[in-house]
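A.B. asks: The sequence and its predicted three-dimensional model are supplied below.
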Amino acid sequence: MSKAVNVAIIGAGLVGSAFINQLKSLKNNAITFNVIMIARSKTALVSKSYSPLSLANWESDLSASTEPAGSFGEIADFLKQSPLPVILVDNTSNQALAEAYPSFVEHGISIATPNKKAFSSDKSLWDAIWNASAQPKGGLVYHEASVGAGLPIISTLRDLVATGDEIVKVEGIVSGSLSFIFNTFSTTSSTGEVKFSDVVQTAKELGYTEPDPRDDLNGLDAARKATIIARLSGFNVQSPTQLPIQSLIPKDLESVATGEEYMSRLPNYDQEIETVRQEAAKENKVLRYVIKVDMEANTATVGIEKFESSHPFAGLKGSDNVIAFTTKRYPNPLIVQGAGAGDEVTAAGVLGDVLKIADRLV
Ligand SMILES: NC(=O)C1=CN([C@@H]2O[C@H](COP(=O)(O)OP(=O)(O)OC[C@H]3O[C@@H](n4cnc5c(N)ncnc54)[C@H](OP(=O)(O)O)[C@@H]3O)[C@@H](O)[C@H]2O)C=CC1
Ligand SMILES: N[C@@H](CC=O)C(=O)O
Ligand code: NA
């Protein structure tokens with residue numbers, strides 16, 4: 001008999017759309033993936049009978065739909081009745097949905113997601129998710145793309161810990177947008193003609209930033225990733241805001257009402273960061289935005305550092321991420337590097353998780 005799972009997708013933006021198109025193009029898989037729901041914030045396509053939706057014209061079908069997505073409670077009730085094992089794919093950055101994970105997982109619904117909120121909010125939510133998953137009928141939860149998009153960062157770290165290695169230090173550049181911004185703005189050959197605000201605008205246009213770029217520029221997105229890495233390494237972080245985070249948002253713009261207003265006023269503050277870049281350049285160094293989880297010192301930090309041009313972090317390209325795991329078994333760090341943001345690589349990370357979950361479910 002052929003193996004099949006049902007898939008419910010919430011969020012069809014940049015990552016969600018790429019995910020659906022990758023799923024649609026899967027070939028020769030031993031498991032059939034039946035999509036039974038695609039939801040955006042206001043409308044959805046839902047197969048109430050649990051028969052697979054056609055993905056042939058899913059974008060126009062979804063645009064034409066007037067059916068509301070329903071509350072997360074209603075979605076959980078619908079998925080609980082699924083005749084096949086079901087995987088919920090959360091391609092949003094929605095906090096309320098993240099907080100609802102335990103109520104899905106305790107009913108056997110598995111989750112694959114790039115949404116960092118569930119794993120980097122208050123520690124009580126982290127505990128509730130893993131406790132629900134550990135129940136005999138609990139669903140599986142995979143979140144590779146919550147750090148470093150499709151790069152194998154979560155799986156590598158989990159394997160190191162599960163096989164008894166001891167994490168000494170994890171450091172790296174885990175913000176795709178801040179990587180792109182500093183790789184473009186601060187190079188050994190920079191002469192000051194590249195404006196910080198222009199590079200932020202380009203990072204937004206390329207889809208590297210969160211919908212509101214301030215969520216990256218205030219350092220919180222990187223701090224969330226540091227929190228996830230710290231927790232998986234065995235370092236108890238109650239909340240990302242507990243970490244020392246260096247914000248790149250000029251003081252005067254901290255409380256502006258919208259991301260649009262922030263972007264329009266940012267050019268007035270280009271000189272502040274340009275001065276920091278010039279100071280580093282005088283020492284023949286470049287600026288990079290890094291996270292550092294040091295298990296021996298029991299510290300986790302997030303902010304700008306200066307690097308010699310010969311340092312591997314100085315030579316990064318585009319929106320690449322790099323992460324170096326120093327462990328008892330890897331005193332010379334194990335390094336993972338590559339594209340750390342962007343719709344296709346992120347979607348591939350989520351799809352990889354869906355395949356792993358399905359393999360374990362059926
Ligand atoms: N872009 C990237 O490079 C990376 C992104 N990520 C993560 O991936 C996730 C998605 O990012 P991205 O695709 O760029 O974001 P987008 O803003 O492009 O898409 C978000 C989607 O979520 C939907 N949505 C939001 N709230 C709800 C809700 N309550 N119910 C149903 N749907 C909802 C939106 O609906 P609507 O269309 O109606 O607005 C939209 O379709 C985020 O968690 C992000 O942090 C992780 C790694 C890299
Ligand atoms: N905005 C994020 C996207 C992925 O998490 C980033 O810049 O890395
Ligand atoms: Na990853």
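C.D. replies: Received, thanks. Numbers count the residues shown, from 1 in each chain. Ligands and ions are numbered 1, 2, ... in the order given.
A.B. asks: Skipping adjacent residues, who's closest to the residue in the stretch 1-150 of the chain that ligand 1 sits nearest to in space?
C.D. replies: Nearest residue of the stretch 1-150 of the chain to ligand 1: residue 13, at 1.9 Å (CB to the nearest ligand atom). The way it works is simple: take the backbone N, C-alpha and C, and place the C-beta from them, glycine included. Of all residues not flanking residue 13 in the chain, residue 91 sits nearest, at 6.9 Å (CB to CB, 6 or more residues apart in numbering).
A.B. asks: and the closest residue to ligand 1 within the stretch 151-300 of the chain, how many neighbours?
C.D. replies: Minimum separation of the stretch 151-300 of the chain from ligand 1 (CB to the nearest ligand atom) falls at residue 211, amounting to 4.4 Å. The number of residues packed near residue 211 is 11, by other CB atoms under 10 Å.
A.B. asks: how much space between it and residue 258?
C.D. replies: When distance is defined by CB to CB, to the nearest Å, residue 211 is 11 Å away from residue 258.
A.B. asks: Same check on residue 153?
C.D. replies: 32 Å.
A.B. asks: Same drill for the two, tell me which one is more crowded.
C.D. replies: Neighbours were counted for residue 153 and for residue 258 using other CB under 10 Å; residue 153 has more, 27 against 10.
A.B. asks: Contacts only, for the more buried one.
C.D. replies: With contact set as CB atoms under 8 Å, 6 or more residues apart in numbering, residue 153 has these partners: 144, 147, 174, 229, 321, 323, 336.
A.B. asks: mind listing what the third one touches?
C.D. replies: When contacts are counted by CB under 8 Å, 6+ apart, residue 174 touches 147, 148, 153, 222, 225, 226, 229, 291, 321, 323, 340.
A.B. asks: Could you restrict the residues you listed to the ones contacting ligand 3?
C.D. replies: Among the contacts of residue 174, the ones lying near ligand 3 by CB under 5 Å from the ion are 148, 153.
A.B. asks: Name the helix or strand for residue 130, please.
C.D. replies: For residue 130, the host element (DSSP states H and E) is helix 123-134.
A.B. asks: Which helix or strand contains residue 82?
C.D. replies: Here residue 82 is assigned to no helix or strand, by DSSP H and E.
A.B. asks: doesn't residue 36 make contact with it?
C.D. replies: Yes: in this structure residue 82 lies within contact range of residue 36 using CB atoms under 8 Å: 7.2 Å.
A.B. asks: those helices in the stretch 1-150 of the chain, which residues are they?
C.D. replies: Applying DSSP state H, counting those that start in this stretch to the stretch 1-150 of the chain gives helices spanning 14-24, 58-64, 72-80, 95-99, 101-105, 117-120, 123-134.
A.B. asks: and those as TSV, adding mean pLDDT and mean neighbour count?
C.D. replies: Shown next, in TSV, are the helices of the stretch 1-150 of the chain (pLDDT from 0 to 100; neighbours: other CB atoms under 10 Å):
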stretch	mean pLDDT	mean neighbour count
helix 14-24	97	21
helix 58-64	98	13
helix 72-80	97	16
helix 95-99	98	17
helix 101-105	98	23
helix 117-120	98	24
helix 123-134	98	16
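A.B. asks: Export those helices as TSV, with columns for distance to residue 267.
C.D. replies: Output for these, formatted as TSV (distance: least, CB to CB, whole Å):
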stretch	distance to residue 267
helix 14-24	25
helix 58-64	35
helix 72-80	40
helix 95-99	31
helix 101-105	40
helix 117-120	31
helix 123-134	38
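A.B. asks: Just give me the residue closest to the centre of the protein.
C.D. replies: Ranked by distance to the mean C-alpha position of the chain (CA atoms, centre = their mean), the top residue is residue 146 at 3.0 Å.
A.B. asks: got the residues of this structure near ligand 3?
C.D. replies: Counting by CB under 5 Å from the ion, the chain sits next to ligand 3 at 144, 148, 151, 153.
A.B. asks: can you tell me how far the closest residue to ligand 3 within the chain sits from residue 179?
C.D. replies: Nearest residue of the chain to ligand 3: residue 148, at 3.8 Å (CB to the ion). Applying CB to CB, the value for residue 148 to residue 179 is 10 Å.
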